[in-house]
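Student: task: produce atomic coordinates for the following.
(one chain, ligands or ions: 2)
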Amino acid sequence: MPQKPILVGIAGASASGKSLLAETLVEELKSEHLSVISEDSYYKDQSHLSMDERVLTNYDHPDAIDHNLMLQHLQMLKQGEAIQVPTYDYSIHNRTSETRTVRPSRVVIYEGILLFVNPDVRKQFDLRFYMDTPLDICLIRRLQRDIVSRGRDMESVISQYMETVRPMFQQFIEPSRQHADLIIPRGGKNRIAMDLIKTKINTLIN
Ligand SMILES: Nc1ncnc2c1ncn2[C@@H]1O[C@H](COP(=O)(O)OP(=O)(O)O)[C@@H](O)[C@H]1O
Ligand SMILES: Nc1ccn([C@@H]2O[C@H](COP(=O)(O)O)[C@@H](O)[C@H]2O)c(=O)n1
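Tutor: Ligands and ions are numbered 1, 2, ... in the order given. So this is what the prediction gives:
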């Protein structure tokens, strides 16, 4: 009988601490039971666009993400099948030619800004968490992260934030928190929230 994983979704603003929460869960629970997949892996292929055109894409709008492929993958995992997840390179605003095999481990965690917007996608998750970190904190963290790790400069982070990141948060991401089972204040280092989540996941695993 193929193993049916528990599917966990962690949504919230960019730089709200979604990846940190997911990574901490992997560290603190038995890692062989857990896999983590970023929604960013599902950004649509932009090979047909020049770099100048790719910079203009609104990466915070649901249309930028291939939620059909994500839905197909979530359904495959539920049936105990392995999936080939695209890999993403922020410096070229595109998928690479590589894919990553993810097998249906006991728990598969997806983390991403728009996971709860599409009704078909969000209903696949057995547990839905929303990171409720203040936007000013997210912006400061995003500035540091995008300059250090995603090859951006301060001017581009700020203009992207004003033009798309903040308005799309208000239009799509913030309203999607109503679909969460648990709202997590203060982000990925919230010890009590972490312990509650670990207890719940352990109960489901065993
Ligand atoms: N509670 C926290 N305290 C301090 N730094 C944090 C906290 N949560 C996240 N960070 C840092 O902020 C940045 C963005 O966090 P990350 O988990 O990548 O956000 P997301 O996955 O939501 O975009 C990272 O550099 C991370 O280490
Ligand atoms: N080429 C890209 C693709 C995405 N982004 C930004 O990433 C954010 C989502 O990722 P998080 O890890 O921060 O949740 C999203 O807000 C996009 O603006 C980008 O800048 N460039």
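Student: check which residues of stretch 110-130 are buried.
Tutor: Buried residues in stretch 110-130, counting neighbours by 16 or more other Cβ atoms under 10 Å, are found at 110-118, 121-122, 124-130. (Glycine included, C-beta is placed from N, CA and C.)
Student: I should have written stretch 30-46 there, sorry.
Tutor: Buried residues in stretch 30-46 (16+ other Cβ under 10 Å): 33-43, 46.
Student: for stretch 89-97, measure first residue to last.
Tutor: End-to-end span of stretch 89-97 (Cα to Cα, to the nearest Å): 10 Å.
Student: likewise for stretch 25-36?
Tutor: Stretch 25-36: ends 10 Å apart by Cα to Cα.
Student: ok now that stretch, how far from the chain's centre?
Tutor: In this view, stretch 25-36 has its centroid 16 Å away from the chain centroid, taken as Cα atoms, centre = their mean, to the nearest Å.
Student: cool, and stretch 61-68?
Tutor: 12 Å.
Student: the lowest-mean-pLDDT helix or strand in the chain and ligand 1, are they touching?
Tutor: Ranking every helix and strand in the chain by mean pLDDT, DSSP states H and E puts helix 191-205 at the bottom, with a mean of 91. No. Using Cβ under 6 Å from any ligand atom, helix 191-205 stays clear of ligand 1, with a minimum separation of 10.4 Å.
Student: counting by contacts, list what that helix packs against.
Tutor: strand 6-12, helix 18-28, strand 107-111, strand 127-132, strand 182-185 (3 or more Cβ pairs under 8 Å, 6 or more residues apart in numbering; DSSP states H and E).
Student: who wins for proximity to Asp60 among the ones you listed?
Tutor: strand 6-12 (12.7 Å; Cβ to Cβ).
Student: near ligand 2 at all, that closest one?
Tutor: No. Contact of strand 6-12 with ligand 2 (Cβ under 6 Å from any ligand atom) is absent, the minimum separation being 7.9 Å.
Student: also stretch 41-61?
Tutor: Yes. Stretch 41-61 is in contact with ligand 2 by Cβ under 6 Å from any ligand atom, via 43, 59-60.
Student: just give me the closest of the residues you listed to Pro175.
Tutor: Using Cβ to Cβ, the residues of stretch 41-61 next to ligand 2 come closest to Pro175 at Asp60, 13.6 Å.
Student: show me the contacts for the closest residue to that closest one other than its chain neighbours.
Tutor: In this structure, Asp60 finds its nearest non-sequential neighbour in Met168, 3.4 Å apart by Cβ to Cβ, 6 or more residues apart in numbering. By Cβ atoms under 8 Å, 6 or more residues apart in numbering, the residues touching Met168 are 58, 60-61.
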